[in-house]
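**Student:** Dropping the sequence and predicted coords here.
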Amino acid sequence: MPRSLGELRKRFFVYMLASKPRGVLYIGVTGSLSSRAWQHREGVIPGFTKRYFVRRLVWFEECPDALSAVRREKQLKHWRRDWKIALVERGNPNWKDLYEDLAI
């Protein structure tokens, strides 16, 4: 049982995956970052990320609600590639797979 109303709030994330450092990039949005990252890692989602082996979680950002998460995703998808790379490298210069650090 939740201890407070804050624990009832659904969380929303925008995330970026990469095939390798500075490799193929993918941007998505989810309400369950650890589950979604696992699905990409294991290749259980057919499509772009499975086809191009884009499985490394390299960046994510929490958003206050679903609408702002979708807006941020669309904003990032329109960014130039070098801007996306700079965003990742500001917080993750070695392109570490952040999935390992998620509290699952």
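**Tutor:** Yep, it's here.

**Student:** Who does the spatially most central residue of the chain form a beta bridge with?
**Tutor:** Centroid-nearest residue in the chain, with C-alpha atoms, centre = their mean: Tyr15, separated by 1.8 Å. With beta bridges defined as DSSP bridges, Tyr15 has these partners: Gly28, Phe60.

**Student:** OK, contacts around it?
**Tutor:** For Tyr15, the contacting residues are 27-30, 33, 36-37, 57, 59-61, by C-beta atoms under 8 Å, 6 or more residues apart in numbering. No exception for glycine: its C-beta is placed from N, CA and C like everyone else's.

**Student:** do Phe48 as well
**Tutor:** With C-beta under 8 Å, 6+ apart, Phe48 has these contacts: 26, 54.

**Student:** which residues of the protein fall in helices?
**Tutor:** Taking DSSP state H as the test, the helices found in the chain are 33-42, 48-51, 66-77, 81-91.

**Student:** what about the ones you listed, which gets the closest to Gly23?
**Tutor:** helix 81-91 (10.1 Å; C-beta to C-beta).

**Student:** Check which helices and strands that closest one sits against.
**Tutor:** strand 12-18, strand 25-30, strand 56-63 (3 or more C-beta pairs under 8 Å, 6 or more residues apart in numbering; DSSP states H and E).

**Student:** buried set for it?
**Tutor:** Buried positions in helix 81-91, judged by neighbour count with 16 or more other C-beta atoms under 10 Å: 84-85, 87-88.

**Student:** Then stretch 22-37?
**Tutor:** 25-30, 33, 36-37.

**Student:** circling back to that earlier point, tabulate the helices and strands packed on helix 81-91 (a markdown table), appending distance to Arg80 and mean pLDDT.
**Tutor:** Converted to a markdown table, the helices and strands packed on helix 81-91 look like this (distance: least, C-beta to C-beta, whole Å; pLDDT from 0 to 100):
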| stretch | distance to Arg80 | mean pLDDT |
| --- | --- | --- |
| strand 12-18 | 14 | 98 |
| strand 25-30 | 11 | 98 |
| strand 56-63 | 16 | 98 |
